[in-house]
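In: What shape does this take:
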Amino acid sequence: MTLHAPFPAGRPRRLRRDAFTRDLVREYTLTSNDLIYPVFVQEGEKRRDPVPSMPGVERLSLDALLPVAEECVELGIPVMALFPVIDPSLKTPAGDEACNPDGLIPRVVAALKSRFPDLGVMTDVALDPYTSHGQDGLLDETGYILNDPTVEVLVKQALTQSRAGVDIVAPSDMMDGRIGAIRQALEARGDIHTRIMAYSAKYASAFYGPFRDAVGSAANLGKSNKKVYQMDPGNSNEALREVAIDIAEGADMVMVKPGMPYLDIVRRVKDEFRVPTFAYQVSGEYAMLMAAAQNGWLDRDAVILESLLAFKRAGADGVLTYFARDAARLLKQR
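Out: Predicted coordinates for the structure are as follows:
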């Protein structure tokens, strides 16, 4: 470690004296290029249904989503991530609707890429929005999530999304071997430019509750949990093993989820692998900050930017955040 002059020759506060000096020596900077905006899409027209547990977040029909996408382009947000709200009548034990080429997500992807070709579009590869039981995979007779049969369906889902024109598929299911299977299938079909952002270290977290409300899987999941495939919050070395496997299987980018409670994992992943590393500021994190801000306990704008800067400082190259548009607006004002 570099030695510094002792006081009084060394006065660290000199570098904090004024704004231009603080700007000059700042180690990490947040820009709109660091943001990915997750959105909830649903069928219908002129629909903007609020998510009660996520103040300010809505489930949008495609016609309502298009102006949001246009604003993302104007604000310099490079990627929008799509999460579907599926009609309960279409949910089945096997999540068949996930592979429907005429389904909600393929149609939304095609519309977005046609209208905004320079906006990156990312899709979730997982079955929980589509299954009648709310789990991310197929179940055996005991209720255990089957790995290999689930991977077969996930491959079909990823190919369906890629065919629709998506830029990035993001498997969030945590099944073993799914990155390799998806990459092999994409290559075999010639979809060599479809990127994979792997949810490599996705923990069985209590911070996902509002998201499950938003996509309508909470009621289906009931009192069940996802601990047999999502990671134990007490494990850190295991995250490195998961990331190593996904990189070896062909992931272009990796993700840690949730975000702020797992910044130590972000740092370990970045230091160990030095690959494009992302984190998801999940629904529970968003809800906490919004609730505190609405009660006047926190300065909303300040904590938005401070929390996102924390991801950058921890080593994240980008952040999925429901604050993306708000943050981009605030950054433009600086």
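In: With just CA atoms, put stretch 291-303 into CSV.
Out: C-alpha atoms of stretch 291-303 as CSV (Å, rounded to 0.1, in the frame of the first residue of the first chain):
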residue,chain,number,x,y,z
ALA,A,291,-41.2,3.7,1.2
ALA,A,292,-38.6,5.6,3.2
ALA,A,293,-38.6,8.5,0.7
GLN,A,294,-42.4,8.7,0.7
ASN,A,295,-42.3,8.9,4.5
GLY,A,296,-39.8,11.8,4.3
TRP,A,297,-37.1,9.7,6.0
LEU,A,298,-34.7,9.8,3.1
ASP,A,299,-33.9,12.2,0.2
ARG,A,300,-35.3,10.2,-2.7
ASP,A,301,-33.1,11.7,-5.5
ALA,A,302,-29.9,11.5,-3.4
VAL,A,303,-30.4,7.9,-2.3
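In: For it, which outside residues touch it?
Out: For stretch 291-303, contacts defined as C-beta atoms under 8 Å, 6 or more residues apart in numbering pick out 55, 289-290, 326, 330. Yep, even glycine has a C-beta here, placed from its N, CA and C like the rest.
In: same thing but 7 Å
Out: Outside stretch 291-303, the residues that touch it by C-beta atoms under 7 Å, 6 or more residues apart in numbering are 55, 289, 330.
In: What residues does the second one make contact with?
Out: With contact taken as C-beta under 7 Å, 6+ apart, Leu289 is in contact with 298, 303, 307.
In: Okay, the residue lying closest to Arg14 once chain neighbours are set aside and Arg13: tell me how far apart.
Out: Spatial nearest neighbour of Arg14, chain neighbours left out: Thr21 (7.8 Å); criterion: C-beta to C-beta, 6 or more residues apart in numbering. Thr21 sits 10 Å away from Arg13, going by C-beta to C-beta, to the nearest Å.
In: Over to Asp246?
Out: Following C-beta to C-beta, the distance that separates Asp246 from Arg13 is 44 Å.
In: which of the two has more neighbours?
Out: Legend: neighbour count by other C-beta atoms under 10 Å for Asp246 and Arg13, higher for Asp246 (28 against 6).
In: neighbours around Leu154, how many?
Out: 29.
In: Where does it sit, in terms of helix or strand?
Out: Secondary structure assigned from DSSP states H and E places Leu154 in helix 147-164.
In: Next secondary structure after the lowest-mean-pLDDT helix or strand in the chain?
Out: In the chain, no helix or strand scores lower on mean pLDDT, DSSP states H and E than helix 218-221, which sits at a mean of 68. Remark: after helix 218-221, the chain's next helix or strand is helix 237-249, criterion DSSP H and E.
In: mind listing the helices for the stretch 1-150 of the chain?
Out: Secondary structure of the stretch 1-150 of the chain by DSSP state H, counting those that start in this stretch: the helices cover 19-25, 62-75, 104-115, 147-164.
In: Identify the residues contacting the second one?
Out: Applying C-beta under 7 Å, 6+ apart, the external contacts of helix 62-75 come out as 32, 37, 39, 41, 45-48, 60, 80, 108, 111-112, 115-116, 118-119, 325, 328-329.
In: Check the last one too.
Out: The set of residues that contact helix 147-164 without belonging to it, under C-beta under 7 Å, 6+ apart, is 94-95, 98-99, 101, 105-106, 109-110, 123, 125, 127, 137-138, 169, 171, 173, 175-178, 181-182, 185-186, 189, 191, 194.
In: where does this structure have low pLDDT?
Out: 1-2, 218-219 (pLDDT under 70).
In: Verify the contact between Ala94 and Gln135 for me.
Out: No - in this structure Ala94 lies outside contact range of Gln135 using C-beta atoms under 7 Å: 11.0 Å.
In: out of those two, which sits in the busier spot?
Out: More crowded of Ala94 and Gln135, by other C-beta under 10 Å: Gln135, with 26 against 18.
In: Next, the contact list for the more buried one, please.
Out: So Gln135 contacts 128, 145, 221, 224, 226 (C-beta under 7 Å, 6+ apart).
In: Kindly provide the distance from the first one to Ser217.
Out: Here the distance between Asp128 and Ser217 works out to 5 Å (C-beta to C-beta).
In: Show me the common contact partners of the two, please.
Out: By C-beta under 7 Å, 6+ apart, the residues touching both Asp128 and Ser217 are Gly134.
In: where's Thr31 relative to Ala170, distance?
Out: Relative to Ala170, and taking C-beta to C-beta, Thr31 is found at 22 Å.
In: ok, now Gly120?
Out: 12 Å.
In: Which one of the two is surrounded by more residues?
Out: Ala170 (26 against 18).
In: Tell me if that one really is in a helix.
Out: No - Ala170: not assigned to a helix; according to DSSP: H, G, I helix; E, B strand; the rest coil it is strand.
In: mind starting the numbering at 369 from now?
Out: Taking 369 as the first residue, the last one we looked at is Ala538.
In: My read is that it contacts Val493, right?
Out: Yes - the pair Ala538 / Val493 is scored as a contact, 6.2 Å apart, by C-beta under 7 Å.
In: Common neighbours of the two, please.
Out: By C-beta under 7 Å, 6+ apart, no residue touches both Ala538 and Val493.
In: if we can go back for a sec, in the helix holding Leu522, which residues are buried?
Out: 515, 518-519, 521-523, 525-530, 532 (16 or more other C-beta atoms under 10 Å).
In: Thanks a lot, see you next time.
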